[in-house]
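Enquirer: sharing a sequence plus its predicted fold:
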Amino acid sequence: MSISGINFSGLSTGIDTEQIIQQMLQIDKRPEELMKNQQALLQQRQAAYNSVSAQLLGLQAAAGTLDSLRAFDLVTASSSDSTVATVTAQTGAQTGAHDITVTTLAKAQKLSSAAQSSQTSPLNFTGQIIINGKAINVQASDSLQTLAANINAVQAGVSASIISPSPNQYYLTLGSNNTGLQGQISISDTAGNTFLGATLGLFDAGGATSLRHAIGATGAGSDLFTDSATSIGTLQGQTAPASGTVTIGTGTVAIDLAADSLSAIAGKINAAGIAGVTASVATVTDPISGASRQQLQISGTQSFVDSNNILANLGIIQRNFAAGRQLTAAQDATFTLDGLPATRPNNTFSDAISGVTITLLKDGGAQANLTVGSDTTTIAANIGAFVKAFNSAVDAVGSLAQYDPDTGKTGPLFGDITTQSVVDGLVSNATDVVSGLPMDLSLLSQIGITLDQSNHLVVDNDQLNTALSGNLKGVAKLFQAYGAPSNSSVQFVSSTGDTQPSGSAGYAVVVTQPATQATLLAPTAQTAPLAQDEVITFGGPLFGTSSTAPLTGGHQITLHAGSTIDDVISQINGDSVVGPLISASKDATTGALQLVSKQYGSSAEFAVVSAIPAANNSSGIGTTVLDQKGQDVAGTINGELAQGTGQYLTGSQKGDGTTPNGHALGLQLRVTATTAGSYGNVVFTTGVADVLKNYINTQTDAFNGVLTTASSSLDDQIKDIQDSINELEDRLKDEEDNLRTRFAAMEAAVAQIKAASTGLSQLGVPSR
């Protein structure tokens, strides 16, 4: 009987039926306890496997550090006098000692206006000025403060400020954001204005000029512009561009900045027939931004007479500054490096010694010695970390497989063959001879790393440091996967755990098809300036679009009317999207526009189409989509199949169950050969760190690693036991319900008998 969850058993019989049921169920539950104990042991063992895997992954990471491409190219740099120069070096930098003597430090140009009586009063000028090729608007109501703010807003590479050294004296200062002669400020008034000279007092009243960009002893160049086909006035943002007639050498040229582009101006100069003078537009690299830019270059004279500030706006000449207006002259850093004279526009540079950054701090003949050497301290520390990780992995297995003779207790992996084989593999791979290396440097023990009785690696630091100092490259081969090609057209890139050591003979490299770039030639040569504006569209895989008409989503470039083929080439090469992917040039044979991908292989595919039919006064591309792609390198390594991707050739011969994998499987080489043929051999060796890294992968791989498989097997057993426990608990529930039903029936029967007996007694029937 049950009321509100409280059982009242045996009311009729006086028997504690609930206790009897629980005792009977407890007997039947004994197998469940055994299964749970077995399940707990399996879970402990599974956790132990996972712990060993974690330790192995730590060792794999430490081995990977030593097996990385630049692991033994670490360098350290120092200066004998850090007040003269400091030095830092990148991994792989050229080592050596260098003497440096600093003559001058690079300085940024700084200009100043004449003193103004107010910084807030109107300047009473309306017009524009040009600073570094950008127009700055000036209104009559603008004050010195407003002008400074407007100059800073256009981000022309200068910083404008107002200083007041004395009461009621205000100076507008312009400081270049870049040091060196390349950072000189190009500044001029626009069409006929004299604001900079007459109002601000910046220029010399005599009107004298100097060349802004001298080219050698007989030429001059303009400022740099983004393209050669757009008018100068448009490029600079002028509202009223100047026109006039300038003198170049012994001749005159009429120029209209509102309409003339760099290309048009070059054409006018050449058409003028000035004795000994020629002009062209050249694609140059902006020394500050590194971007591709266009420059008008005039050869044969350095004599120029301006008109209406046209040459000043172009940046060919610069008005001389009034006395005291140039606060600091632009100056390059000058120094000698190992006795060789050198200049740099900045005081910090990274192109004097490969991989080394030098910062100059003191001039006037200050001297320092710069030393770049191998960073054997860090390399030794990385080797030490590898040894520590190795020992931790061995200890992890040992602690989990231990046996205590005093208590008889064992670890969850006691007697486990799987993990013991892992330790055996670690030890053998760490202590075996590295095949293919010289016998005197093919064992870790030869550089001071030995194995003790407990399977721990022990480092003799003195012996290790001696080896690192005496033969760093040899030590690197002892740890790393290393490929040594015999031909300069072949470079070792990487390998996998499937790649087998080659032995001293090496793997032969044979090229049947060199990698090529996609090369596209316009069907018609452009021999005359463009008759009209022309839109060309680039598409294809290189641009992430389809290569079929109409190249939807492709990148468009508008070529301007009047552009020569050289202008077209410059504009394509200078485009921020196309330039990094494709190189434009003029074909030497046909004179037509040639486009070549900068990448190699079948993925280097691009297409181009024009909105204008091909003609001698168009780009020559035409309205039919032209599509080209490169070819991947093809060939064999060790006479085995290899897969080509661009210039990269990778061993790809996989076994099929009856034949083994190719020895060179996974070996990746970069092949820069341009013709088919045999290209020597690559001797491939696998050092200790590489072997261990790959071995650990066979143990811990997420899909088929030995430890992963073992853990998964335990997981299956744990689940099977849980299923059995669940089935047993379901049976026990059914049994409990059945027992309660039967005992309840018994109690009911007894109650009925008692009731009948009581009734008979009341009728006088004697009970028996």
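Expert: The structure has been received and is ready for your questions.
Enquirer: which residues touch A149?
Expert: With contact taken as C-beta atoms under 8 Å, 6 or more residues apart in numbering, A149 is in contact with A160. Where C-beta positions appear, they are placed from N, C-alpha and C, glycine not excepted.
Enquirer: my read is it is in a helix, agree?
Expert: Yes: when the secondary structure is assigned by DSSP: H, G, I helix; E, B strand; the rest coil, A149 falls within a helix.
Enquirer: which parts of the stretch 301-450 of the chain are helices?
Expert: 310-314, 376-400, 417-431 (DSSP state H, counting those that start in this stretch).
Enquirer: which stretch among the ones you listed comes nearest G92?
Expert: Of all these, the one in closest proximity to G92, counting by C-beta to C-beta, is helix 376-400 (13.0 Å).
Enquirer: helix 417-431 and the closest one, what's the angle between them?
Expert: Interaxial angle, helix 376-400 versus helix 417-431 (axes from the mean of the first three to the mean of the last three C-alpha atoms, to 10 degrees): 160 degrees.
Enquirer: only the buried residues of helix 376-400, if you could.
Expert: Taking 16 or more other C-beta atoms under 10 Å as the neighbour-count basis, helix 376-400 is seen to contain the buried residues 376, 379-380, 382-383, 385-391, 393-394, 396-398, 400.
Enquirer: what is it packed up against?
Expert: Judged by 3 or more C-beta pairs under 8 Å, 6 or more residues apart in numbering; DSSP states H and E, the packing partners of helix 376-400 are helix 17-67, helix 417-431, strand 457-459, helix 461-470, helix 472-479.
Enquirer: from the contact counts, what lies against the shortest one?
Expert: For strand 457-459, the elements it packs on are helix 376-400, strand 449-451, judged by 3+ C-beta pairs under 8 Å, 6+ apart.
Enquirer: what do you get if the cut-off is 10 Å, keeping everything else the same?
Expert: With contacts taken as 3 or more C-beta pairs under 10 Å, 6 or more residues apart in numbering; DSSP states H and E, strand 457-459 sits against helix 376-400, helix 417-431, strand 449-451.
Enquirer: secondary structure class for T247?
Expert: Classification of T247 by three-state DSSP places it in strand.
Enquirer: OK, contacts around it?
Expert: Contacts for T247 were tallied using C-beta atoms under 10 Å, 6 or more residues apart in numbering; they are V253, I274, T301, S303, F304, V305, D306, S307, L311.
Enquirer: switch the residues you listed over to a markdown table; also include pLDDT and neighbour count.
Expert: What follows is the contacts of T247, written out as a markdown table (pLDDT from 0 to 100; neighbours: other C-beta atoms under 10 Å):
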| residue | pLDDT | neighbour count |
| --- | --- | --- |
| V253 | 97 | 22 |
| I274 | 96 | 20 |
| T301 | 97 | 19 |
| S303 | 97 | 12 |
| F304 | 97 | 18 |
| V305 | 96 | 13 |
| D306 | 96 | 20 |
| S307 | 95 | 18 |
| L311 | 97 | 25 |
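Enquirer: return the member of these nearest to D16.
Expert: Minimum separation from D16 among the contacts of T247 (C-beta to C-beta) is found for L311, which lies at 118.4 Å.
Enquirer: okay, and the beta partners of the closest residue to that closest one other than its chain neighbours?
Expert: Excluding the flanking residues, the one nearest L311 by C-beta to C-beta, 6 or more residues apart in numbering is I317, at 4.8 Å. Partner residues in beta bridges with I317: L211, with DSSP bridges as the criterion.
Enquirer: buried residues in stretch 333-347?
Expert: A333, T334, F335, A342, R344, P345, N346, N347.
Enquirer: just the ones of these in strands?
Expert: Assigned to strands by DSSP state E, the following of the buried residues of stretch 333-347 qualify: A333, T334, F335, A342, R344.
Enquirer: closest to I232 among the residues you listed?
Expert: Closest approach between these and I232, by C-beta to C-beta: R344, at 31.0 Å.
Enquirer: what sits against the closest residue to that closest one other than its chain neighbours?
Expert: Residue nearest to R344 in three dimensions, not counting chain neighbours: A333, with 4.8 Å by C-beta to C-beta, 6+ apart. Contacts here follow C-beta under 10 Å, 6+ apart; on that basis A333 touches 102-107, 179-180, 342-349, 358, 360, 363.
Enquirer: if you set the cut-off to 7 Å instead, what comes out?
Expert: Listed by C-beta atoms under 7 Å, 6 or more residues apart in numbering, the contact set of A333 reads T104, L105, A106, T343, R344, N346, N347, L360.
Enquirer: and for I582?
Expert: I582 makes contact with L595, V596, S597, K598, F606 under the criterion C-beta under 7 Å, 6+ apart.
Enquirer: got it, and I187?
Expert: Neighbouring residues of I187 by C-beta under 7 Å, 6+ apart: I129, I130, I131, L196.
Enquirer: please work out which residues outside the helix or strand where the first one lies touch it.
Expert: Element membership for I129, per DSSP states H and E: strand 127-131. Around strand 127-131, the neighbours that count as contacts under C-beta under 7 Å, 6+ apart are 135-138, 151, 156, 158, 185, 187-190, 193, 195-196, 236, 238-239, 313.
Enquirer: partner strands of that strand and their direction?
Expert: If you go by DSSP bridges, strand 127-131 pairs up with strand 134-138 (antiparallel), strand 187-189 (antiparallel).
Enquirer: need the ones you listed in a markdown table with distance to Q119, can you?
Expert: Formatted as a markdown table, the entries for those read as follows, by distance: least, C-beta to C-beta, whole Å:
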| stretch | distance to Q119 |
| --- | --- |
| strand 134-138 | 15 |
| strand 187-189 | 20 |
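Enquirer: tell me the most buried of those strands?
Expert: Each of the strands paired with strand 127-131 was assessed for mean neighbour count using mean count of other C-beta atoms under 10 Å. The highest is strand 187-189, with a mean of 24.
Enquirer: who are the packing partners of the lengthiest helix in the chain?
Expert: When the chain is parsed with DSSP state H, its longest helix is helix 706-762. Packing contacts for helix 706-762, counted by 3 or more C-beta pairs under 7 Å, 6 or more residues apart in numbering; DSSP states H and E, involve helix 17-67, helix 417-431, helix 688-700.
Enquirer: okay, those helices in JSON lines with mean neighbour count, mean pLDDT and distance to E729 next?
Expert: Supplementary listing: the helices and strands packed on helix 706-762 in JSON lines, determined by neighbours: other C-beta atoms under 10 Å; pLDDT from 0 to 100; distance: least, C-beta to C-beta, whole Å:
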{"stretch": "helix 17-67", "mean neighbour count": "17", "mean pLDDT": "84", "distance to E729": "7"}
{"stretch": "helix 417-431", "mean neighbour count": "17", "mean pLDDT": "92", "distance to E729": "32"}
{"stretch": "helix 688-700", "mean neighbour count": "23", "mean pLDDT": "94", "distance to E729": "36"}
